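Engineer: Sharing a model that was predicted from the sequence below.
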Amino acid sequence: MSAARDIAQPQGIEERRVSYSLSTSPTATFASPSSSFMAGGLPHRAAPKQLKPFHTGDVKILLLENVNQTGRDILKGQGYQVEFLKTSLPEDQLIEKIRDVHVIGIRSKTKLTAKVLQEAKNLLVVGCFCIGTNQVDLDYAAKHGIAVFNSPFANSRSVAELVIAEIITLARQLGDRSNEMHRGTWNKVSAKCWEIRGKTLGIVGYGHIGSQLSVLAEAMGMSVIYYDILTLMAIGTAKQVPTLDALLQEADFVTLHVPETPETKNMISTKQFGQMKKGSYLINASRGTVVDIPALINAMRDGKVAGAALDVYPNEPAANGDYFNSNLNQWGEDLRGLSNIILTPHIGGSTEEAQRAIGVEVAEALVRYINQGVTLGSVNLPEIAMRALTLDEPEHARVIYIHRNVPGVLRKVNEILAEHNVDKQISDSKGDIAYLMADVSSVKTDDIKNIRDSLDSLNSRILTRILY
Ligand SMILES: NC(=O)C1=CN([C@@H]2O[C@H](COP(=O)(O)OP(=O)(O)OC[C@H]3O[C@@H](n4cnc5c(N)ncnc54)[C@H](O)[C@@H]3O)[C@@H](O)[C@H]2O)C=CC1
Ligand SMILES: O=C(O)CCC(=O)C(=O)O
């Protein structure tokens with residue numbers, strides 16, 4: 001890692017607080033967290049000091065995939081240079097762009113693989129303006145001192161509401177009836193159209209979305225069962241079942257809310273469709289790799305599955321347009337030809353409320369990390385928060401040392417820091433990676449340079465940042 005990854009808090013820029021309308025109603029407002037939270041999570045009377053690193057230079061941020069205005073405003077408000085694009089980028093263009101930036105903001109489509117990240121010599125931090133982080137090589141990022149943040153639940157309610165809409169839409173074949181009417185055909189039928197009251201919803205993955213959905217479904221008179229690799233407290237009268245097979249055999253509607261992992265790849269395939277009740281329904285708003293789509297097509301053609309709603313696909317286009325064709329996914333035409341199938345373009349989290357909240361949450365996490373080194377909410381580094389330095393402390397510096405988690409490092413670091421007054425220090429590890437933060441007082445520019453040079457010379461070093 002090069003020392004160039006120390007970046008500047010541009011001087012003379014005030015940290016601005018922003019309020020946004022993030023409502024459950026169009027008129028309500030939501031204020032972002034208080035400044036004491038911004039200052040590192042602990043109440044403190046003096047104004048937090050604007051930290052700048054040893055080497056100055058403007059913070060360059062690339063925001064892809066139409067990150068919400070709220071996030072853009074917060075980052076621009078800091079005086080950072082923000083480049084904004086509505087789409088994701090193909091790998092070659094991404095590599096060109098990422099070389100130059102300190103921060104990249106993405107959603108679910110941009111693949112930050114090891115190949116891409118190894119070109120990102122200045123990259124300090126990735127902001128995933130979404131829940132899923134499967135699109136980022138988290139391990140590679142951690143091993144190279146690149147922090148990754150996401151928004152763990154700001155769009156959960158939006159996904160849960162979409163799924164509720166889909167359950168009724170499938171049960172009543174609303175998609176097909178609406179399409180027929182659009183073509184001028186009146187087709188008033190009740191055969192194989194059902195109420196959802198009294199039916200069983202099987203939720204696979206009972207996390208933020210699954211559990212939220214459970215409450216909504218019970219409120220509409222459904223019975224809820226769920227399967228999760230963890231033993232989780234049931235909400236309402238929902239019941240955890242011990243195996244996926246047990247869930248598939250009992251549920252009238254199966255809905256998937258698991259992350260993309262090696263274990264969830266093709267989790268629902270021919271064998272699992274075989275276990276499902278005849279005439280049941282499948283909903284997937286998790287990740288496209290979780291369902292084996294050719295197997296779904298067969299199960300629907302056989303009548304085993306009476307309807308399906310898909311929001312996610314193994315391959316998704318980078319931008320809006322006429323891209324959802326057989327070039328993208330070879331089974332595209334077959335899927336579109338089925339009856340009672342709802343196909344949506346990965347919009348589970350696409351509501352004004354969710355996108356605004358995500359914009360605020362992730363942008364604020366990025367600002368805290370850039371300006372203060374605080375890792376609260378990071379998905380790949382240990383979570384560290386320490387009271388901010390304040391304007392009352394003129395000759396202080398914050399030392400951040402990201403290192404390999406091997407024996408003896410703290411002794412060596414503290415030998416280096418021992419010549420100075422360490423006001424506060426904190427260290428934590430996550431797997432192979434450890435993160436140390438120390439505030440030292442009465443340091444002059446030469447001291448800061450010496451501290452950095454000494455830390456940089458340690459074998460365990462991944463990244464040194466000094467903010468002062
Ligand atoms: N369609 C869309 O726009 C959106 C899709 N998502 C997707 O939904 C997924 C779930 O989101 P959350 O509920 O917020 O995640 P979460 O992390 O809160 O919950 C996921 C649950 O799945 C469980 N799980 C993991 N592996 C499993 C396995 N092999 N079998 C059974 N259970 C397993 C976990 O233990 C956890 O309880 C995200 O990872 C993301 O991929 C999230 C937001 C929007
Ligand atoms: O809104 C997006 O782009 C992605 C939503 C999603 O899948 C997520 O939050 O994980």
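Structural biologist: Cool, the structure landed. Ligands and ions are numbered 1, 2, ... in the order given.
Engineer: Compute the number of surrounding residues for the residue of the chain found nearest ligand 1.
Structural biologist: For the chain and ligand 1, the shortest gap (C-beta to the nearest ligand atom) falls at residue 207, measuring 1.7 Å. (Each C-beta comes from the backbone N, C-alpha and C, glycine too.) Using other C-beta atoms under 10 Å, residue 207 has 18 neighbouring residues.
Engineer: Need the nearest residue in space to it, chain neighbours excluded.
Structural biologist: residue 257 (6.4 Å; C-beta to C-beta, 6 or more residues apart in numbering).
Engineer: Please apply the same query to residue 162.
Structural biologist: Using C-beta to C-beta, 6+ apart and skipping residues adjacent in sequence, the residue nearest residue 162 is residue 348, 5.3 Å away.
Engineer: Counting by contacts, list what the helix or strand containing residue 463 packs against.
Structural biologist: Taking DSSP states H and E as the criterion, residue 463 maps to strand 461-467. Where contact means 3 or more C-beta pairs under 8 Å, 6 or more residues apart in numbering; DSSP states H and E, strand 461-467 is packed against strand 397-404, helix 445-456.
Engineer: contacting residues around the shortest one?
Structural biologist: Just to be clear, that refers to strand 397-404. Contact partners of strand 397-404, identified using C-beta atoms under 8 Å, 6 or more residues apart in numbering, comprise 51, 145, 372-373, 381, 389, 409, 413, 417, 432-440, 443, 447-448, 451, 455, 458, 460-468.
Engineer: do the last one as well
Structural biologist: The set of residues external to helix 445-456 that reach it, using C-beta under 8 Å, 6+ apart, is 3, 54, 397, 399, 401, 413, 416-417, 420, 440, 443, 461, 464, 466, 468.
Engineer: repeat that with 6 Å
Structural biologist: 54, 397, 401, 416, 464, 466, 468 (C-beta atoms under 6 Å, 6 or more residues apart in numbering).
Engineer: Phi and psi next, for the residue nearest to the spatial centre of the chain.
Structural biologist: Closest to where the C-alpha atoms of the chain average out (C-alpha atoms, centre = their mean) is residue 131, at 3.0 Å. Per-residue torsions, residue 131: phi -80, psi -50 (degrees, to the nearest 10).
Engineer: Up against ligand 1, what does this protein have?
Structural biologist: Residues of the chain lying close to ligand 1 (C-beta under 6 Å from any ligand atom) are 131-132, 153, 155-156, 159, 204-210, 227-230, 257-261, 263-264, 285-287, 311-312, 346, 348-349.
Engineer: Please flag which of those sit within strands.
Structural biologist: Filtering the residues of the chain next to ligand 1 for membership in strands, criterion DSSP state E, returns 204, 227.
Engineer: So which of the residues of the chain next to ligand 1 reach ligand 2?
Structural biologist: Counting by C-beta under 6 Å from any ligand atom, the members of those near ligand 2 are 131, 132, 155, 349.
Engineer: Need the max-distance pair from those.
Structural biologist: Farthest-apart pair in these is 132 and 155; separation 10.2 Å (C-beta to C-beta).
Engineer: Of these two, which one has the most company?
Structural biologist: Taking neighbours as other C-beta under 10 Å, residue 132 and residue 155 compare with residue 155 leading, 24 against 16.
Engineer: got a list of what the more buried one touches?
Structural biologist: Going by C-beta under 6 Å, 6+ apart, residue 155 touches 349, 354.
Engineer: Quick check, pLDDT for it.
Structural biologist: pLDDT for residue 155: 97.
Engineer: What of residue 468?
Structural biologist: You'll see residue 468 listed with a pLDDT of 83.
Engineer: is the nearest residue to it once chain neighbours are set aside in a bridge, and if so with what?
Structural biologist: For residue 468, ignoring the flanking residues on the chain, the nearest one in space by C-beta to C-beta, 6+ apart is residue 397 at 3.8 Å. Beta bridges link residue 397 to residue 440 when assigned by DSSP bridges.
Engineer: what about residue 397, how many residues close to it?
Structural biologist: By other C-beta under 10 Å, 25 other residues sit near residue 397.
Engineer: Return the distance of it relative to residue 449.
Structural biologist: 11 Å (C-beta to C-beta, to the nearest Å).
Engineer: swap in residue 465?
Structural biologist: Taken as C-beta to C-beta, the span from residue 465 to residue 449 is 14 Å.
Engineer: I'd say the residue nearest to residue 207 and residue 209 touch.
Structural biologist: Yes - the pair residue 257 / residue 209 is scored as a contact, 4.5 Å apart, by C-beta atoms under 6 Å.
Engineer: Now list whatever residues contact both of those two.
Structural biologist: When contacts are counted by C-beta under 6 Å, 6+ apart, residue 257 and residue 209 have no shared neighbour.
Engineer: could you pull out the helices for the stretch 101-250 of the chain?
Structural biologist: Using DSSP state H, counting those that start in this stretch, the helices assigned to the stretch 101-250 of the chain run over residues 114-117, 138-143, 156-171, 174-182, 208-219, 244-250.
Engineer: now these in CSV, with mean neighbour count?
Structural biologist: Shown next, in CSV, are the helices of the stretch 101-250 of the chain (neighbours: other C-beta atoms under 10 Å):
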stretch, mean neighbour count
helix 114-117, 17
helix 138-143, 19
helix 156-171, 21
helix 174-182, 14
helix 208-219, 21
helix 244-250, 18
